[in-house]
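**Q** this one's structure only:
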């Protein structure tokens, strides 16, 4: 059968349409431009900086250091605001730490000295300071061995000229080459968090009862640190209260009665920092770390050194007798074991404890 011309034309048109359709299916799809994705929404969690800092041969304490997160507004934390405050009743008594007698000032007075400043951080965060307040590493505070507390000082980093005002609330540092310990935030503002320590100038701010204050005159005075005179007979330190300052009355009747009781040892387990009361050991060799007229100051140093010297083999003890509260380590089996421990403490802190035998 022969197709008519009209039918052949229709078939040709149909074949052409089919080929065009197949060609369209085999070609790549048109390119579509996508708009960039929107950023993920922020959470409602308080803004905190990740910690960008790393310790480089620093000067802060063993196992101490930087917080996990740094507040986003750390640069906006204001300096301490100097104001007149009554001095703490017990925190300004003479005391002995690692063979050195420290005689704190009994009034806020002009003071200016240069030396090495360090800082202390998360290991002490929340712990009680010498005046009983909890340590806040994000506040503008400091520790000093002899300045009257509480008081205020201006600390200047002599390397870069930065300066901050801090409130002195604690005792320390007890390292031979350091003059002040600053909070994390204060050290951050002075620019020496990463190095751990730096050369600083410490200048007292004397606040009058009316509220006015001024920095100390431009003169330097040495820190009041007196080498304890050795007493071969007792081999113990007995600091005396300043003559022009009356002895504090007992805070309560129980404390007054405790002065007449047999001495006790307060044993702090260094791993858990728990206190237990135990009778005095019949004998043994002990290392004496400090002596205080105030039991609160002895407890404060015990808590601080128990964290800093958490590797010691013996327990921390407070031996109270004749209104003197002596912080000691022990007992050790013999003098040789005690001497080894004392040498390790000397290398860690720069001071060597004294030996006590009972």
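**A** Received it, and whenever you're ready, just let me know what you need. Note that this is a predicted model, so its numbers are computed, not measured. Numbers count the residues shown, from 1 in each chain.

**Q** can you pull out the helices in the stretch 151-300 of the chain?
**A** 184-190, 253-258, 295-308 (DSSP state H, counting those that start in this stretch).

**Q** May I see those helices arranged in TSV, with mean neighbour count as well?
**A** (Each C-beta comes from the backbone N, C-alpha and C, glycine too.) TSV is the format used below for the helices of the stretch 151-300 of the chain (neighbours: other CB atoms under 10 Å):
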stretch	mean neighbour count
helix 184-190	25
helix 253-258	10
helix 295-308	22
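
**Q** Nearest approach to residue 198 belongs to which of those?
**A** helix 184-190 (7.2 Å; CB to CB).

**Q** which helices and strands does the closest one pack with?
**A** Helix 184-190 makes packing contacts with strand 112-119, strand 151-157, strand 163-170 when contacts are defined by 3 or more CB pairs under 8 Å, 6 or more residues apart in numbering; DSSP states H and E.

**Q** With mean pLDDT and distance to residue 142 added, can I get the helices of the stretch 151-300 of the chain in TSV?
**A** Converted to TSV, the helices of the stretch 151-300 of the chain look like this (pLDDT from 0 to 100; distance: least, CB to CB, whole Å):
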stretch	mean pLDDT	distance to residue 142
helix 184-190	94	7
helix 253-258	32	30
helix 295-308	81	14
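
**Q** for the ones you listed, which one sits closest to residue 120?
**A** Of all the helices of the stretch 151-300 of the chain, helix 184-190 comes closest under CB to CB, at 7.8 Å.

**Q** Quick one: find the helix or strand in this structure with the lowest mean pLDDT.
**A** Of all helical and strand segments in the chain, the minimum by mean pLDDT, DSSP states H and E falls on strand 265-269, at a mean of 27.

**Q** List the buried residues for the lengthiest strand in the chain?
**A** For the chain, the strand with the greatest residue count under DSSP state E is strand 197-207. Residues of strand 197-207 classed as buried: 197-198, 200-207 (neighbour count, 16 or more other CB atoms under 10 Å).

**Q** Correct me if wrong: residue 191 contacts residue 160.
**A** Yes. Counting by CB atoms under 8 Å, residue 160 is a contact partner of residue 191 at 5.5 Å.

**Q** More neighbours: which of the two?
**A** residue 191 (14 against 11; other CB atoms under 10 Å).

**Q** contacting residues around that one?
**A** Contact criterion CB atoms under 8 Å, 6 or more residues apart in numbering gives 157, 159-160, 162, 198 as the residues in contact with residue 191.

**Q** Between all of those, which two are separated the most?
**A** Maximum distance among these (CB to CB): 10.1 Å, for 162 and 198.

**Q** Can you tell me how far residue 141 is from residue 172?
**A** 12 Å (CB to CB, to the nearest Å).

**Q** And residue 344, by the same measure?
**A** 19 Å.

**Q** What of residue 314?
**A** With CB to CB as the criterion, residue 314 and residue 172 are 22 Å apart.

**Q** which of those two has more neighbours?
**A** residue 172 (24 against 20).

**Q** Quick check: chain neighbours aside, which residue is closest to the more buried one?
**A** residue 143 (4.1 Å; CB to CB, 6 or more residues apart in numbering).

**Q** Now the one you found: phi and psi?
**A** Main-chain torsions, residue 143, degrees, to the nearest 10: phi -120, psi 140.

**Q** Tell me the bridge partners for it.
**A** residue 170, residue 181 (DSSP bridges).

**Q** can you check residue 117 too?
**A** Beta-bridge partners, per DSSP bridges, of residue 117: residue 180, residue 198.

**Q** Is residue 337 in a helix, a strand, or coil?
**A** helix (DSSP: H, G, I helix; E, B strand; the rest coil).

**Q** Just the pLDDT at it, thanks.
**A** Confidence at residue 337, expressed as pLDDT, is 90.

**Q** show me the contacts for it.
**A** 285, 313.

**Q** residue ranges with poor pLDDT in the stretch 151-300 of the chain?
**A** 211-283 (pLDDT under 70).

**Q** Mind doing that once more with 50?
**A** Scanning the stretch 151-300 of the chain for pLDDT under 50 picks out 216-282.

**Q** just the stretch 1-150 of the chain next, same as before
**A** In the stretch 1-150 of the chain, residues with pLDDT under 50: 1-2, 7, 10, 15, 18-19, 21-62.

**Q** Please enumerate the helices of it.
**A** Using DSSP H, counting those that start in this stretch, helices in the stretch 1-150 of the chain cover 5-26.

**Q** Please enumerate the strands of it.
**A** In the stretch 1-150 of the chain, the segments counted as strands under DSSP state E, counting those that start in this stretch are 48-50, 69-71, 95-97, 100-102, 112-119, 141-143.

**Q** Save the helices and strands packed on helix 184-190 as CSV, and put in mean neighbour count too.
**A** Formatted as CSV, the helices and strands packed on helix 184-190 follow (neighbours: other CB under 10 Å):
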stretch, mean neighbour count
strand 112-119, 20
strand 151-157, 22
strand 163-170, 24
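
**Q** follow-up on the earlier one: for the contacts of residue 191, give me a markdown table that also has distance to residue 82.
**A** Shown next, in a markdown table, are the contacts of residue 191 (distance: CB to CB, whole Å):
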| residue | distance to residue 82 |
| --- | --- |
| 157 | 20 |
| 159 | 25 |
| 160 | 23 |
| 162 | 18 |
| 198 | 23 |
